[in-house]
Structures are given as structure tokens and as C-alpha cells.
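I would like to see how this sequence folds:
(6 chains)
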There are 6 protein chains.
Amino acid sequence: MFKHQINGQLDLRLLHYCHADEVYECVDRNRSHLERWFPWVKLTTDSGAIRKFIEAELHRYAKNNGFSAGIFYEDRYIGNISFHDVNWNTKLSSIGYWLVSDYEGKGIMTSCCRALIHHGFEVMGLNKIEIRARTDNNRSRAIPLKLGFREEGILRSVSYYHDEYYDHVVYGLLRDEWKGASDEAVGGLN
Amino acid sequence: MFKHQINGQLDLRLLHYCHADEVYECVDRNRSHLERWFPWVKLTTDSGAIRKFIEAELHRYAKNNGFSAGIFYEDRYIGNISFHDVNWNTKLSSIGYWLVSDYEGKGIMTSCCRALIHHGFEVMGLNKIEIRARTDNNRSRAIPLKLGFREEGILRSVSYYHDEYYDHVVYGLLRDEWKGASDEAVGGLN
Amino acid sequence: MFKHQINGQLDLRLLHYCHADEVYECVDRNRSHLERWFPWVKLTTDSGAIRKFIEAELHRYAKNNGFSAGIFYEDRYIGNISFHDVNWNTKLSSIGYWLVSDYEGKGIMTSCCRALIHHGFEVMGLNKIEIRARTDNNRSRAIPLKLGFREEGILRSVSYYHDEYYDHVVYGLLRDEWKGASDEAVGGLN
Amino acid sequence: MFKHQINGQLDLRLLHYCHADEVYECVDRNRSHLERWFPWVKLTTDSGAIRKFIEAELHRYAKNNGFSAGIFYEDRYIGNISFHDVNWNTKLSSIGYWLVSDYEGKGIMTSCCRALIHHGFEVMGLNKIEIRARTDNNRSRAIPLKLGFREEGILRSVSYYHDEYYDHVVYGLLRDEWKGASDEAVGGLN
Amino acid sequence: MFKHQINGQLDLRLLHYCHADEVYECVDRNRSHLERWFPWVKLTTDSGAIRKFIEAELHRYAKNNGFSAGIFYEDRYIGNISFHDVNWNTKLSSIGYWLVSDYEGKGIMTSCCRALIHHGFEVMGLNKIEIRARTDNNRSRAIPLKLGFREEGILRSVSYYHDEYYDHVVYGLLRDEWKGASDEAVGGLN
Amino acid sequence: MFKHQINGQLDLRLLHYCHADEVYECVDRNRSHLERWFPWVKLTTDSGAIRKFIEAELHRYAKNNGFSAGIFYEDRYIGNISFHDVNWNTKLSSIGYWLVSDYEGKGIMTSCCRALIHHGFEVMGLNKIEIRARTDNNRSRAIPLKLGFREEGILRSVSYYHDEYYDHVVYGLLRDEWKGASDEAVGGLN
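Sure, this is the predicted structure:
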């Protein structure tokens, strides 16, 4: 029922149980593309797995520890964006996301990230937001760079998938670095 | 961050921790009016009590057992509307609400109820929605009648407050009775 | 081990694990009669289900939230009577019951209810006791009327069973209405 | 509400919240006598402590792990008798008890123990029942001997109270040793 | 990683998950010998059962309620020794143990017990340590006698195994009785 | 009771409740030195705080999620070393440590780290071990460099203390990089 409008075609919706089937169908249709990057895809064999994910994410939201929003383009579910766990002492969180390949290249994820960054710094009061990406995921790495994040390091062998270890690059954006310049596509604050 | 737009001035927002101060100030300003009807007002002595309420309501939402939304008019918090606990076997829930007195008489609560009724029957798949009101609360009783609910009985002495027992009138609306006629002010489905 | 004697032939026993087999056999023998009214009968496929029910009811008793007693006639288990959840703020509870058909028509359930009503008003300090019955269950509806309860309304579609919704009639008895006239068959207070 | 009748004057009642005040007053009146033997007496400074004890004992009963019954003589609370934790693998439990001094010497506790022993062997299916007593408590030690228990040993320093360690004598009664001779004062089985 | 050195060949290691396979293989090789005395042997059908045991024992250690140590002789696992649940009010615990038959008769278990007794009285501050053994287990009974424990009684039918009840003899050692004479093989205190 | 011997003077002990007082006194004596780096020091106002720390660390060990060991030099507690939470999927953990200033500069912490690294790669089966340090803590940064770790990045503003944000440098050592060259001071494996 609850959404965050980004522009006329694009909005973020707090995922609830009513979205489980649509999310599952989207994951299922894009399985081959998504499986390359995400270990959870193989484990998602029916919409019940999505319901469990939604339940966990809603409880995380209830504990004030981030949230997961569905990305909807012209009322179709096309991907996901999240604030991961929040360190309230350090006022630090990180953003994670994925998008089906048909919608890549339109700046959609950059707009969605901008909305979360705005919310993170202005409403949640964060001091720093990180984005981490596998070093071999160029599309994913491009987004923080477009948004003014700085590369802070490459952590070696911090994920394991398909019998291989992967290095992750860490990008960081401090509240002071964020100019608030990117307000055009951002809706109301809360 | 997440809202349900009803019209240009009016929207419902899933209450989160960022709203606690504004909700508290609203309750505090309208204390004398609200205290007549609601036992929880006296117990609400700081915004910490509101935070606990928000936490409980978010966990209820995470458990798929109803939710609580703030009513915002021109970006000001002016009241609350909820789906109480849901009986998923019988597909039955009830709606509760309150509004600060300055905004009464403008049809605001009727519009908000219409949005929840629409969501309850169309998205949640409910079969019946109830509204219960103290028999001496005429303003509250007027709303279900305007929305086509039928009076089903008066349950005696079912609440206790200020050393007195109060009777509650039960109104019910079945999915089949609801014509879907009132779509004008209702936004998207999910 | 613990019972409440109503008269020479009739007593109520707080159900414990030692009763599970006898309760199950009684339910099993009267399956066709009971299934018409109670959804739980179909789910009761062995005495293990009864043990789980007994465990839940005992923990409810331990939490001071009502209880379930077996009705024994000449030492045979013939039915059940309960105080459902108690609202201690409003001092309100409701009574539920069932009896195997062979023992109907002897006033047994009326006597058992009288014992619970006496206990509810005198020992538990309740202010109101409700009895709810499906509108099509005439035998069940007759009992509160015999005991002086008043009909307060008919709540539509509040239970669902066998693909149909059922209406329930609500009867209420206030402590002030109860004359204490019916003491003849009631044993000691606690 | 639920009791076990031993004879015309004496019965055991499953302790519930309604008994808390009467139990507390009894403990309070007999404080000096009871404090000599029981460390919990000093901690029992109001009826709230009794309510907590009752709650714990009822949950123990719900878990099928023994129970605590109040001893009532002519409707007055005069002491307590319990089946402690049950080892269901070994079918072993123990009985504990106390009585206010005014009622000592009338065979009351022996009758109460007989009722629990009967219930333990016949209904609960125990194989052995133990009674343990401080070696310096002659009155307490006399009871198992009257009931046919055998002394099995003296465990040194197994309780600590008032800065001293105490030895406990262990008495045991096996199901085969119990003749069922003592049925006179025992009521129904369950 | 953590051990208690008893002498050049013998040490005790706080069991952790890395020991599960070796413990299982030892139990499995000595199954026929161990099954005569210990009901848990039959239930130990893979190293997963050992992992669960280790997990439970580590949580018990974390709650300051005793511990379980593996006995290693020349770096081979050959048995187990534990402090069972501790009664901190009475400062009382008991020691349990088993050894594979190839290593019996070398005084190994007596040395291990001596280390635990030393730790129990000197570091944990116990007042009494018990050892209990089945009356028909002469080898097990010999150990407390060698260590100066006194026999306190024979508790009848306190364990059940292979359709038979067994009597246990209780041995006790008070802090005052323990001379500290046996320090030779004991390492550092904590 | 359980320790890991590093050399004749130095050992690591799994912290247990018996160490609480000595740990507290050490922290208290070195308060001014430690407070510069560690926020927990100010919160450590009595040995009860240490007991809670020990309890949490032991439960972490029981859950196979790292552990905390006291560093003892000639039987005196002089600091602490830990394996933090373990990511078993990625086989990744990190080491944290502190030492009182009197014992700095003797290579003690390097020896302790070497023991944990050996245990992490050989017994726990880790693939990577990280050490993180505040960029302004040169003494702490020197240790991973001495041990062959590689610097992987500087994460900005990832801790907050005394109203300031601090950057942390991340050092990583992969199992393949670790030569096993440093065995001299390492005791047995488990």
C-alpha cells in the first residue's frame, strides 16, 4: 500500500506479502542473468522463499535496521534496493541493489540510489553510506562513481560463490561530500 | 519514506521512528480532546511511548496482522488510522481511527477509511470489515454509516475507562455489500 | 487429580495429560455429530492432538487467562466447558462448551455453565460474561437464555467453515444482572 | 476451583492466583515456625512473591513436571504439598511438604502424602517416589517411615541456609513395595 | 585450542567442534564396551550427535554450570570427564567420567579426577563434590574410594536402561576432608 | 582451567568467570592508556561488566563464532586477543587485541597473533583473516605488517568515539599467503 514516488513512471514500494508472487515471477524470468551474481537466486525455488525474505525484511524495518524496497517501473516490479543493517553508533549503512537486465542503462538505479541517499542523510541522519560491489561487476561499480562515492579499498576474498572467492570494492560517501545537488527526482522526505 | 496518496493534500504514511516526535507533539497539543475517548493518551507522556507504539505496529505489519498509518494533511500529522489484528481464517479485520478536532467535519476520515476498505477487500482479500465505536461517540458512529456499514449489535460493557464501563456498537461491511463505487479518491492498489 | 463437584453424578475436571486418551475416544465416537459444528474435530486424528490442546489450555490457565474443564458424568468424559481468554482490564470473558448428543436435554450444560458463572463473578471478579453461538445452533442458543443472558447482537460472517461464513449471536450477562439465585448445584468457591 | 477431596474436612487444591492472599497470610502468621526450615520464607515479603510461586508451579504442571497443591482443612489453608520435577525416563519423582504447627500431630500430612502416592503410582505411572528431609527435622522424617518408605542414605551438606550446611536423609518407596493398602482416605483417580 | 596439562602424556581439552570427528570415532570403536553402561551410546549414530553434545556442553560452561573435557593421552582422545550442573547456593557439583577399556588400570581417571577436584575446591570454591556410580560398576566405584570420598548411600532405581532399573551409590567429598595432598600431577589453577 | 601455551612465560586462557576480578583490575590500572582507543573502557566500572563480557564471549565460543582469550605473562593478565564473528560461508574472520603498555615492544602480541593465525588456518579451516586498526594507531598497525598481511584499503569514518569519526585500515592475509613459517612458538593444534 505504501510507496515512495520517484518520478511519473518509477516508484519504490515497501515490500509486503501481497508482492510475493510478482517478485517471484520476476526473479524466475531473470534467473539466468541474476544467478551469475547472487547466491540467493538458486535457493529461490518458489514464492514461499520470497515471503520469508519479505517477512525478514519487514522485521528489520520494524527494528529500525534498514529496509528493502521493490523498484516498480510503470507498475511492474523490476528490481530491488535496500538499506542493509545500520550501525547507529557510527551512523553508517550501506546500499545494495539489483535490476533485471531489460531495464539497465536507463539511469533507473542511479535515481533509486539518489532517493535512498537523500533519505539516509536527511531523515535517518546517517554520516556515511557505503556501496560494495564485486570487482568483476562493472555495471554495479559504475553507479557509486556516478553518484560521487569515493573508492576506499578492495577487500580480497570476502564472498564465496560457485566454488570461488571474490574480491569486493568498497565505495563510500560521507554526508559532507554529498552536495544535495541531486534533488530533482526525489519526493517528500518521510 | 513510504506513503499512500489519497488526494493532493491528504496521504497516509506507514509510521516509522522518524515520525515519533511529530506524532507526540500532535497528541500532546490535543490531549484534552483525545483523553475523553482514549485511555492510551494519559499514558503517552513523552515521544518514547510513541516510539514503542510504532515499534509494536511495525512488527504487527511484519507479521501480516494489520498496520497503523499516520494521516497527514498538507504534510502535517493530524490523526491515525489502523487495520487491527486480522483473522485470516475468517478474512475479517476491523478499522480504528482518531483525528484532531481542528480537522473534523471535512470528510477526511471518511476518505481515509475508504482507502483502507479498498485495500482490505482488493489487496488483502478480506471478506468483512468491522468498525466499532463507543455508543456515546456520535462523530465516530457517523463514519461507518456514511460508508454503507450495517449496525450489527451493541455489546455492553466491553471497555472500561475512568471507572466506568462503556457499550460499543458494532458495524459491519461485507465484501459483497461494498460496491467499489467510491474509487474516486483511492490511489494505486499496492 | 483436581475436580469441581457439581452434584453426585456430575463434575468438572481440569484436563491434564492423563485424560488425553479418554477425551480422544469420546471425540472419535461422536465425530459425525461434532463435526457439524466444530472445525477442530477434523484435525483431531489421534490423542496427540488432544495432548497439544491440553498443554495449551494448561499454559493458558497458568497465565490466568481462562481454562478448559472436562465434563464428567458418572466418571465418563462427555464434553467440555471453558472460560476463553480474559480481558482483565474490562473484567470480561466468555464461556464455550460442547456435549456429546447422548447427554443432551438433561440440563447438564446449564448446570456446568452456572458453576462457571458463579466462579467467574465471585472468585475471578468478572464484570461481564458472554456466550456466543452460531445462529443456526438452537440448542446452544437456548442455554444463555435459560441462564438470564441478554441477546446483544448478531455479528455477521465471523466464522468460516466448510466453505461457508456463519453469523454468531452474542449473549451477555452483567454481574449486576446475575441474581446469585442459582446456587443449588454449585460447590465451594475455589 | 479444582480440588481433590481427601475426607470431609481435608482437601487439596491446585493453587491458583485467587489463593495468593490466603497463602501469604498463612505464611506470614507462621513465619517464625517456618523460617527455621525454609529459606524461601524470608524472601516472601508480600503476596506478590506467592503469585510468582503459583505462576511457576502452574507452568510446571502444564509441562507435566509435577505440581503444587494447597492443603485446606475446613476451608482454611494450612500448608502445602508438591510433586517436584518428574524424571519421566526413570519414572521417578519426589514429594515435598510443609504444615503450620497448629495442625501438626493429626495425621494430616500422612493422609495428604498417601493421596499423592496413590496418584503418583496409579495415574502418573511412577516407579519410585522419594521423600528427602533434613536430618534434624524429626517430624518430617517420621512421615515417610509411617508410609513404608525405606531409608536409602544420608547425603551430606546438600543444602545451605543461615550460614550452615545441612545433611538430608533420602527415603524411597518403589511401586512394588506400595501395597495399595491405604486406600481408605483416597478419592477418585483423576 | 585450550587444554589443561596433567602430565607429559595426559591432558584435558575443553571440547570444541574441531574434536567432533575424533570423539565420534572413539565412541564408535568402543561401542560394545560403552553401551553396557551408557544409554547415550546407542543414540550416537554419527558425529552430528557429538556436535550437539559439544554445543550443549559449551553453553553449560558459558552459563557457569560445569563443563565437559576430553581426556587426551599422547594426543589421542580416550575418554571424557565432566563437572555436571553446579548448585551455587550449596556449592555442590558432581563429577562424571568414562574411559575406553584399553586405557583402564593406569590410574588415568584418578589423575583426571584429582585435577577436577583441585579446580573445584580451589578455583570454583565448591564445598562438596559427589561421584555417583551404578552399584554394579566396580571399576567406576573404585575411583572415589581411592580419592578419599565417603559412601553416603545407595539410591534405588534411579536410572532406567535396557528395560531395567539400576541403583546408584553416592560418594561425597567435603572440602574439609580433601587434604590437598594430591597436588603432584595438577597444573596451574586457572 | 584451559589454556594455550605459547612459550615458557606466555599463554592464552579462555576467559571464564574466575578471571573477572583480575581482568577488571588490569583494565582499571591501565584505564588512561586504554581509554584513548577503546570506548568500552569507560563503561567498565566494575568487575560485573567484565563478567557480562566473559559470558557473551563464552556463548559466542559455544556458537562456533570466534572466542576471546586472556593473554597471561608469567601468570599475570596483561591483555586480550579475540577471533571476532566468523563468516563460515566465506571462511573469513578477523583478529582484535589490546595489551597494557608495560608489556609493549616485546613481540608478545605478534606471538599471540601467530598462534591464532595458525589455529584459524589449520584447525578452523579459515580462508582469510583480517586485522583492522584505526589509522592513527601505529603500534597496532605494525603487527599485521610484521605478520605478512597486506593492506587492502582505508575505510573512512567507520567508528565513532569522543565525538569524532575515525578511519580504519584493513589488512588481510589469505591462507595461501601464509607460509606456516612461523611455527616456532606455536603449541599443539587443538
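
Residue A:97 belongs to a helix?
No. Going by DSSP: H, G, I helix; E, B strand; the rest coil, the assignment for residue A:97 is strand, not a helix.

if I look at it, how far off is residue A:177?
Look at residue A:97 and residue A:177: by Cβ to Cβ, to the nearest Å, they are 20 Å apart. All C-beta spots, glycine's among them, are computed from the backbone N, C-alpha and C.

how many neighbours does residue A:96 have?
Residues contacting residue A:96 under the criterion other Cβ atoms under 10 Å in any protein chain shown number 17.

What residues are bridge-paired with it?
On the basis of DSSP bridges, residue A:96 is bridged to residue A:82.

which residues touch it?
Shown in contact with residue A:96 (Cβ atoms under 8 Å, 6 or more residues apart in numbering or on different chains): A:81, A:82, A:84, A:131, A:132.

Please tell me I have it right and the last one contacts residue A:170.
This means residue A:132. Yes. Counting by Cβ atoms under 8 Å, residue A:132 does reach residue A:170; the two are 5.3 Å apart.

More neighbours: these two, which one.
The residue with more neighbours, out of residue A:132 and residue A:170, is residue A:170; 25 against 20, by other Cβ under 10 Å.

Can you tell me, leaving aside adjacent residues, what's nearest to the more buried one?
Computed as Cβ to Cβ, 6 or more residues apart in numbering or on different chains, the closest residue to residue A:170 that is not its neighbour in sequence is residue A:152, at 4.8 Å.

Can you report how many residues lie near the one you found?
Residue A:152: 21 surrounding residues under other Cβ under 10 Å.

helix/strand/coil for it?
strand.

Just to check, it is in contact with residue A:174?
No. With contacts counted by Cβ under 8 Å, residue A:152 stays clear of residue A:174, the gap being 10.7 Å.

Name the residues contacting each of those two.
Counting by Cβ under 8 Å, 6+ apart, the residues touching both residue A:152 and residue A:174 are residue F:156.

Am I right that residue A:32 falls within a helix?
Yes. Residue A:32: assigned to a helix according to three-state DSSP.

Report the contact partners of it.
By Cβ under 8 Å, 6+ apart, residue A:32 lies in contact with nothing.

roughly how far apart are the nearest residue to residue A:57 once chain neighbours are set aside and residue A:82?
In space, and not counting its chain neighbours, residue A:57 is closest to residue A:68: 3.9 Å by Cβ to Cβ, 6+ apart. To residue A:82, residue A:68 is 4 Å away according to Cβ to Cβ.

Would you mind listing what in chain A touches chain B?
Chain A comes close to chain B at residues A:1-5, A:12-14, A:16-19, A:55, A:58-59, A:61-64, A:67, A:69, A:75, A:119, A:123-124, A:188, A:190, as judged by Cβ under 8 Å from any Cβ of the partner chain.

Filter these down to the buried ones.
A:1-5, A:12-14, A:16-19, A:55, A:58, A:61-62, A:64, A:67, A:69, A:119, A:123-124, A:190 (16 or more other Cβ atoms under 10 Å in any protein chain shown).

Now do the helices in chain A.
Applying DSSP state H to chain A gives helices spanning A:20-29, A:31-35, A:40-43, A:47-62, A:108-122, A:138-146.

Just to check, residue A:61 is in contact with residue B:67?
No. Counting by Cβ under 8 Å, residue A:61 sits too far from residue B:67 to count as a contact (11.7 Å).

Between these two, which contacts overlap?
Counting by Cβ under 8 Å, 6+ apart, nothing touches both residue A:61 and residue B:67.

ok, the residue of chain A found nearest chain D - contacts?
Chain D sits closest to residue A:59 of chain A, with a gap of 27.4 Å, by Cβ to the nearest Cβ. By Cβ under 8 Å, 6+ apart, residue A:59 lies in contact with B:59, B:62.

The most far-flung residue of chain A relative to its centre and residue A:37, how far apart?
In chain A, residue A:163 marks the outermost C-alpha relative to the chain mean, sitting 25.2 Å out by Cα atoms, centre = their mean. Distance of residue A:163 to residue A:37, given as Cβ to Cβ: 15 Å.

With residue A:119 instead?
For residue A:119, the distance to residue A:37 - Cβ to Cβ - is 25 Å.

For the residue nearest to residue A:100 when sequence neighbours are not counted, what are phi and psi?
Spatial nearest neighbour of residue A:100, chain neighbours left out: residue A:30 (4.5 Å); criterion: Cβ to Cβ, 6+ apart. Phi and psi for residue A:30, reported as degrees, to the nearest 10, are phi -110, psi 20.

Thought residue A:103 was touching residue A:30, still the case?
No. With contacts defined as Cβ under 8 Å, residue A:30 does not count as touching residue A:103, sitting 10.2 Å away.

the more surrounded of these two?
Neighbours were counted for residue A:30 and for residue A:103 using other Cβ under 10 Å; residue A:30 has more, 18 against 15.

Can you tell me how far that one is from residue A:95?
From residue A:30 to residue A:95 the distance is 20 Å (Cβ to Cβ).
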